[in-house]
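[1] Structure for this input, please:
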Amino acid sequence: MIPGARNLITDITGLRVGNAGDAVLKSGTTVLTADSPFTAAVHVMGGAPGTRETDLLAPDRSVAGVDALVLSGGSAFGLDACSGVADALRKAGRGYRVGDVCVPIVPGAILFDLLNGGDRNWPENPWRALGERAFHAAAPDFTLGSSGAGTGALSGTLKGGLGSASVVLDSGISVGALVAVNPVGCVTTPGRRHFWAAPFEIGAEFGGLGPDPSSGIGHRIDSIKWEAMQQRDMRANTTIAIVATDATLDKAGCQRLAIAAHAGIARAVVPSHTPYDGDLVFALSTDLHPASRDDLLEIGHAAALCLARAIARGVWLARPAPGDILPCWSEVNREGTAATP
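    Here you go, the predicted model:
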C-alpha cells in the first residue's frame, strides 16, 4: 500500500470535496460529491448519532444512487446543510427522476460543536447556506485541519479537525477516508504528543513521531481525562466519516466496508464509540474496478487504516483561532512540528 497522489479521499477518481466554514460561528460543513450518482451505505456505532436520509442507504431500500454526502457541525441545526446541497444539486439538474421532478439524494451526519466558544445568536439557521457554499467549492484539492466540518471540532483534550488519507493497493484499487474529528475520547496518548494512530502512519503525514514508548497507557479511563476534558460537556461529541473505494461494490458491500472502517476510529480514538458519541461511517463505491472476494478483505482493512490516519491528520493540522477553548496539537507541541502534511 502507498498513499495516493494527494493523500486525500479525492484520490478516488471522480470524487470532489468542498468546505465552507464561519470563523465567528466556529462551525462549518464539508460536502463530498461526484459528477454522477454513486453507491453508498452507512454504519453507526456511537450512542448519540444525528443523521438525515440514512435509512434509504440500507441494502434492502430501493434508492440505488446518492448525489452527495454531507458532514456538518451544528448538531441538529447542521442537518439543514443537506438542504442547501439539495438546492444546489436541483439547480444543476441532479437527482432522482420521478416524472418531470428531480429529487437530489443527500444523506448527511452532524457533530456537536455548539459549546466551543462560537457565536450562537444567529438570526436564521446558517448551515443551509454553508452547505450550498461547500457544494460549490467542491474540488479534487481541499484543506484539512480547521476547515469545513472540522472548523470548530474538539477532541478530548485538543482541537479536533477535518482529516483525510488514501492508499493505492497492489491491485490498483484505491481507498480513501474523510473524517470530521470531534470525539469524547483523545486522539493522542497522555502527554498529548504521540498519536494513538502512530503505528499506522505513512511517512511523516502527522509528524512522524512514532508510537508512545510508555506502557500501560489507556488501561484506566481517568488516565486520558485532562482538566480541559473534565470542564466540557461530554455529551457534546461525535466522529463522522466517509470511506470510499473505486472497487465495484453493491450496497451490501458498501455496508460491510463501513463496518470494517469503524476499526479505524477505535485505533485512533480512546475511548471510541461511547454513549456520548454519534460515531458514524458512510462508505461509497464509484464502481470503476471489479473486485474479488479477496480484494474485499483488503479494501476493508485499508479503509480502517486510512480512517485512523485521517483522524490523526485532522488533529495534527488544526489551527488556532480567537476564542478557542482547547489548544491545537501544534500549540502544545511547539518543538518538532516542522514536518509537512
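[2] residues contacting His273?
    Met45, Gly46, Gly47, His262, Ile265, Ala266, Asp279 (C-beta atoms under 8 Å, 6 or more residues apart in numbering). For glycine as for every other residue, the C-beta is placed from the backbone atoms N, C-alpha and C.
[3] And Asp80, by the same measure?
    Asp80 touches Gly74, Asn125, Trp127, Arg128, Gly131, counting by C-beta under 8 Å, 6+ apart.
[4] And the first one, how far from Leu25?
    In this structure, Gly74 and Leu25 are 8 Å apart, going by C-beta to C-beta, to the nearest Å.
[5] same question, Ile202
    34 Å.
[6] quick one: which of these two has more around it?
    Neighbours per residue, other C-beta atoms under 10 Å: of Ile202 and Leu25, the larger number sits with Leu25, 22 against 17.
[7] Tell me how far that one lies from Leu297.
    42 Å.
[8] ditto for Arg6
    Using C-beta to C-beta, Arg6 is found at 25 Å from Leu297.
[9] quick one: which of the two has more around it?
    Comparing Arg6 with Leu297 by neighbour count (other C-beta under 10 Å), the higher total belongs to Arg6, at 15 against 11.
[10] tell me which element the more buried one is part of?
    In the assignment (DSSP states H and E), Arg6 maps to no helix and no strand.
[11] Same question for the host helix or strand of Ser36: list its buried residues.
    Secondary structure from DSSP H and E places Ser36 in strand 27-44. Buried positions in strand 27-44, judged by neighbour count with 16 or more other C-beta atoms under 10 Å: 27-34, 37-44.
[12] now it, how far from the chain's geometric center?
    10 Å (C-alpha atoms, centre = their mean, to the nearest Å).
[13] now swap in stretch 78-89 and tell me
    Distance, centroid of stretch 78-89 to centroid of chain: 18 Å (C-alpha atoms, centre = their mean).
[14] What's the mean pLDDT across that stretch?
    Here stretch 78-89 scores 96 as its mean pLDDT.
[15] now stretch 93-105, how far from the centre of its chain.
    27 Å.
[16] Which of the residues in that stretch are classified as buried?
    Arg94, Gly95, Tyr96, Cys102, Pro104, Ile105.
[17] How about stretch 141-158?
    Neighbour-count burial for stretch 141-158 [16+ other C-beta under 10 Å]: 142, 144-158.
[18] Centre of the chain to the strand or helix carrying Leu297, how far?
    Leu297 belongs to helix 293-316 when assigned by DSSP H and E. Chain-centre distance of helix 293-316: 12 Å, with C-alpha atoms, centre = their mean.
[19] Toward the C-terminus from that helix, list the very next helix or strand.
    helix 329-332.
[20] tell me what that following helix is packed against?
    Counting contacts by 3 or more C-beta pairs under 8 Å, 6 or more residues apart in numbering; DSSP states H and E, helix 329-332 packs against helix 293-316.
[21] quick one: buried residues of the helix it packs on?
    Applying 16+ other C-beta under 10 Å to helix 293-316 flags 295-296, 298-316 as buried.
[22] related to what we said a few turns ago, note down every partner strand of the strand holding Ser36 and its orientation.
    strand 15-22 (antiparallel), strand 66-72 (antiparallel), strand 280-289 (antiparallel) (DSSP bridges).
[23] Among these, show me which one is buried the most.
    Each of these was scored by mean neighbour count; the highest is strand 66-72, a mean of 30, by mean count of other C-beta atoms under 10 Å.
[24] Past that strand, which element shows up next along the chain?
    helix 75-78.
[25] so what does that following helix touch, helix or strand wise?
    Against helix 75-78 (3+ C-beta pairs under 8 Å, 6+ apart) you get strand 108-110.
[26] Beyond the strand it packs on, next helix or strand please.
    Past strand 108-110, the next helix or strand by DSSP H and E is helix 127-136.
[27] And whichever helix or strand comes after that next one, how far out from the chain middle?
    Going down the chain from helix 127-136, the next helix or strand is strand 161-168, by DSSP H and E. From the chain centre to the centre of strand 161-168 is a distance of 9 Å (C-alpha atoms, centre = their mean).
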